[in-house]
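# next one to model:
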Amino acid sequence: MRLSSLTDYAVVMMSAAARHGCAERLSAASLSEETGVPLPTAQKLMGRLAAAGLLSSARGTGGGFALARDPGLITLAEIIEAVEGPIAMTACVENGRHDCGLEHDCRVKPHWSAVNSAVKGALGGVSLATLAGEVA
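Numbering: from 1, shown residues only. Okay, the predicted model is just below:
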């Protein structure tokens with residue numbers, strides 16, 4: 001399993017925002033400059049992260065983006081899902097997907113939900129506060 005570059009950038013940007021704290025308003029330009037994420041990508045990601053409820057936005061003077069919640073309450077799973085969509089190891093466990101030729105005789109399909117839950121649980125156990133912390 002490999003995350004897309006877009007998701008990696010979202011984690012980098014959210015970690016930078018967390019280091020500034022919940023009260024400080026940031027612009028896409030300032031986060032782009034701080035993280036090295038290209039400005040158009042930063043703008044796109046901030047929109048997605050705001051739509052997912054991870055960032056709050058305000059227009060006008062003093063506006064910008066800020067973390068919507070304390071970094072300890074935002075998980076890596078939430079950031080990934082904001083960019084990638086629901087965490088699913090295989091397409092057959094996604095709602096409405098039935099495009100696998102093995103689906104009717106597959107003995108593994110009933111177990112993929114447990115695998116997905118384990119992966120999502122592991123990612124949900126990592127907070128943004130942890131990601132934003134200094135490494136010793």
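# hmm, who's touching stretch 70-82?
3, 7, 10-11, 14, 18, 22, 48-49, 51-52, 54, 67-68, 87, 120, 123-129, 131-132 (CB atoms under 8 Å, 6 or more residues apart in numbering). Any C-beta I mention is one placed from the backbone N, CA and C, and that applies to glycine too.
# now do the end-to-end distance for it.
17 Å (CA to CA, to the nearest Å).
# show me which residues of that stretch are buried.
Applying a neighbour-count criterion of 16 or more other CB atoms under 10 Å, one finds 71, 74-82 buried in stretch 70-82.
# wait, is residue 57 part of a strand?
Yes: according to DSSP: H, G, I helix; E, B strand; the rest coil, residue 57 belongs to a strand.
# what pLDDT does it get?
With respect to pLDDT, residue 57 scores 88.
# what's the helix or strand for residue 32?
In the assignment (DSSP states H and E), residue 32 maps to helix 28-35.
# picking that back up, of the buried residues of stretch 70-82, which pair is most distant in space?
Taking CB to CB, the two most distant members of these are 71 and 81; they sit 16.9 Å apart.
# looking at the buried residues of stretch 70-82, which is nearest residue 35?
residue 79 (14.0 Å).
# so which strand or helix has the closest one?
Element membership for residue 79 (DSSP H and E) is helix 76-84.
# so where is the chain shaky, pLDDT-wise?
93-99, 103, 134-136 (pLDDT under 70).
# helices of that one, start to end?
Along the chain, counting by DSSP state H, helices occupy 5-20, 28-35, 39-51, 76-84, 109-124, 128-132.
# show me what the second one is packed against.
Helices and strands touching helix 28-35, as assessed by 3 or more CB pairs under 8 Å, 6 or more residues apart in numbering; DSSP states H and E, comprise helix 5-20, helix 39-51, strand 64-67.
# now with 6 Å, please.
helix 5-20, helix 39-51 (3 or more CB pairs under 6 Å, 6 or more residues apart in numbering; DSSP states H and E).
# next: the first one.
Contact here means 3+ CB pairs under 6 Å, 6+ apart; on that basis helix 5-20 packs against helix 28-35, helix 76-84, helix 128-132.
# give me the contact list for the shortest one.
Okay, so that is helix 128-132. 14-15, 18-19, 71-72, 74 (CB atoms under 6 Å, 6 or more residues apart in numbering).
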